[in-house]
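Student: quick one, structure for this:
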Amino acid sequence: MLPTTADNGARLAAILPSGIAAVARGLKSDLPSELEFANSPTLPTLRSFVMIVADGLGSAQLAGRIGHAPALARLPRKRIETVAPSTTGAALTTLVTGRLPGEHGLIGYCIRHPELGLVTTLRDWHGIADRRAWQRAEPLFTQAQAVGARAVAIGRPAHASGGLTEAILSGAEYLGGQRIEDRFALASRVLREGPPAVVYLYVDELDKAAHEFGWQSAQWVRRLEQFDASLDGFLRGLPGEVGVAVTADHGMVDVAQHQQIMLDADPALLADVAEIGGEPRFRSLYLHAGADADAVADAWRRAEGNRAWIATRAEAIASGCFGPVHADVAPRLGDVLIAARKQVAYYSATDDPRALAMVGQHGSFTDEERGVPLALGGALTGTGFAAAVQAAASRRR
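Tutor: Predicted coordinates:
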């Protein structure tokens, strides 16, 4: 079976709804009915809200290098948990829609499309004509506009268009900044010069450095220092009544080359497998028609022992780890799931050599991968915002 946690990412899903509800309270606007679950007596009143998402900045990694992040160290923060699987496409979509992967549909890195076969949720959008149907949940930026706030998404210029952007950032005005400091400068300008705003600010440099060099590398630390310095300047110049929440989509583990496991080392284990999806820390095995998923799962359990969590699709859905799973979403998962429990990564001979070169990995259920920070700054410091997020998560479950 796959492990479950207290909320399986529900608090991550509640951050943006709670921020919009706080802005609605500050602007004395009616809260859209879709966000009533986020209405809480512990919410502060805000003029604007900023959600900063640092891709790959897990709680364990931040704690391990907190001396390099004095601005973050000063902020009140707590550990919350990301979604399952702990991967970018699934988690970012949850952050901006308020829905868990079983509802929004981007339920992994490489998942099965009914016509196109295996596609990645980050890049493979060509041929998906109705992108907002493949990603089933409505982004919350239209709700921000409904309460009277300007909705803004800030990221790299290269991410201004594309399938994932269209699917999860619709309703937001996109502003591009190449460097981390450029993105924070854009956010400062939006808050100083414009009307009340709800801002989503995305930083992916830490994730890139971790994949290439590992999160324990000097390169990752330099990116953390760059992020923290930009955050520090941003917070020092923050206008009043602006709340800031800093979080992440997943954490990381470093996997050395000798810890890579080849799925096809024993051909008998793949006899019933038609395709392999997912990613190295969370593999989806799609079986040939008529194959017995329980028998395949049992064979993999015997082979892997306590090195991995193994579950059939039915067992995984029943565990609740993905949240409620829509009938259209279930077939996107493999018939058998392999989630790394130890410090290993699962590959096949057909994988891209660039994937084999990755050091930093994520996707599974370990504390290092699932734990992410929720740090509060600006007008959220010393408020009941974290409690409001918890309450909203409890009501939505």
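
Student: show me what secondary structure element comes after the lowest-mean-pLDDT helix or strand in the chain.
Tutor: Lowest mean confidence among the helices and strands of the chain (mean pLDDT, DSSP states H and E): helix 131-134, at a mean of 86. Sequence order places helix 141-146 as the next helix or strand after helix 131-134, per DSSP states H and E.

Student: and His106, that's in a helix?
Tutor: His isn't right for residue 106; it's Leu. No: using DSSP: H, G, I helix; E, B strand; the rest coil, the assignment for Leu106 is coil, not a helix.

Student: now do it against Leu376, distance only.
Tutor: 27 Å (C-beta to C-beta, to the nearest Å). C-betas here are computed from N, CA, C, even on glycine.

Student: which of those two has more residues huddled nearby?
Tutor: Leu106 (29 against 23; other C-beta atoms under 10 Å).

Student: which residues touch the more buried one?
Tutor: Gly89, Ala90, Thr93, Thr121, Trp134, Gln135, Ala167 (C-beta atoms under 8 Å, 6 or more residues apart in numbering).

Student: narrow the residues you listed to those that are buried.
Tutor: Neighbour-count burial (16 or more other C-beta atoms under 10 Å) is assigned, among the contacts of Leu106, to Gly89, Ala90, Thr93, Thr121, Trp134, Gln135, Ala167.

Student: quick check: closest non-adjacent residue to the first one.
Tutor: In space, Gly89 comes closest to Thr121 once its chain neighbours are excluded; the distance is 3.2 Å by C-beta to C-beta, 6 or more residues apart in numbering.

Student: pretty sure that neighbour contacts Gly108?
Tutor: Yes: look at Thr121 against Gly108 with C-beta atoms under 8 Å: they come within range, at 7.0 Å.

Student: overlap of the contact sets of the two?
Tutor: Gly89, Ala90.

Student: circling back: wait, which of the contacts of Leu106 is closest to Asn306?
Tutor: In terms of C-beta to C-beta, no member of the contacts of Leu106 lies closer to Asn306 than Ala90, at 25.2 Å.

Student: so which bits of stretch 357-375 are buried?
Tutor: Buried residues in stretch 357-375 (16+ other C-beta under 10 Å): 358-366, 368-375.

Student: next step: those restricted to helices.
Tutor: Judged by DSSP state H, the subset of the buried residues of stretch 357-375 located in helices is Glu368, Glu369, Arg370.

Student: could you check how far the last one is from Thr4?
Tutor: Same thing as Arg370. 11 Å.

Student: next: the second one.
Tutor: Using C-beta to C-beta, Glu369 is found at 15 Å from Thr4.

Student: I figured Leu337 hits Ala84, correct?
Tutor: No: Leu337 lies out of contact with Ala84 (C-beta under 8 Å); the separation is 9.9 Å.

Student: quick one: buried residues of stretch 173-181?
Tutor: Across stretch 173-181, burial judged by 16+ other C-beta under 10 Å covers Leu175, Gly176, Gly177, Ile180, Glu181.

Student: again, but for stretch 148-164
Tutor: Ala149, Arg150, Ala151, Val152, Ala153, Ile154, Gly155, Arg156, His159, Gly163, Leu164.

Student: so the spatially closest residue to the last one that is not a sequence neighbour versus Thr88, what's the distance?
Tutor: Going back to what we said before, that points to Leu164. Excluding the flanking residues, the one nearest Leu164 by C-beta to C-beta, 6+ apart is Leu122, at 6.0 Å. Distance from Leu122 to Thr88, counting by C-beta to C-beta: 6 Å.

Student: more crowded one of those two?
Tutor: Shown here are Leu122 and Thr88; by other C-beta under 10 Å, Thr88 has more neighbours (23 against 16).

Student: where do the strands sit along the stretch 51-200 of the chain?
Tutor: For the stretch 51-200 of the chain, the strands defined by DSSP state E, counting those that start in this stretch cover 77-81, 110-113, 117-120, 150-155, 173-176, 197-203.

Student: which neighbours in the sheet does the second one have, and how are they oriented?
Tutor: Under the criterion DSSP bridges, strand 110-113 sits next to strand 117-120 (antiparallel) in its sheet.

Student: could you find the closest non-adjacent residue to the residue of the chain most remote from its centre?
Tutor: No residue in the chain sits farther from the centre than Ala268, which is 34.7 Å out by C-alpha atoms, centre = their mean. Using C-beta to C-beta, 6+ apart and skipping residues adjacent in sequence, the residue nearest Ala268 is Ala299, 8.0 Å away.

Student: got the contact list for the longest helix seen in the chain?
Tutor: When the chain is parsed with DSSP H, its longest helix is helix 218-236. For helix 218-236, contacts defined as C-beta under 8 Å, 6+ apart pick out 52, 54, 57, 61-62, 65, 68-72, 180-181, 183-184, 187-188, 203, 205-206, 208-210, 212-214, 244, 246, 360, 377-378.

Student: those residues, buried ones only, as a PyMOL selection?
Tutor: In PyMOL, a selection of the buried entries from the contacts of helix 218-236 looks like this (16+ other C-beta under 10 Å):
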select buried, resi 52+54+57+61+62+65+68+69+71+72+180+181+183+184+187+188+203+205+206+209+210+213+214+244+246+360+377+378
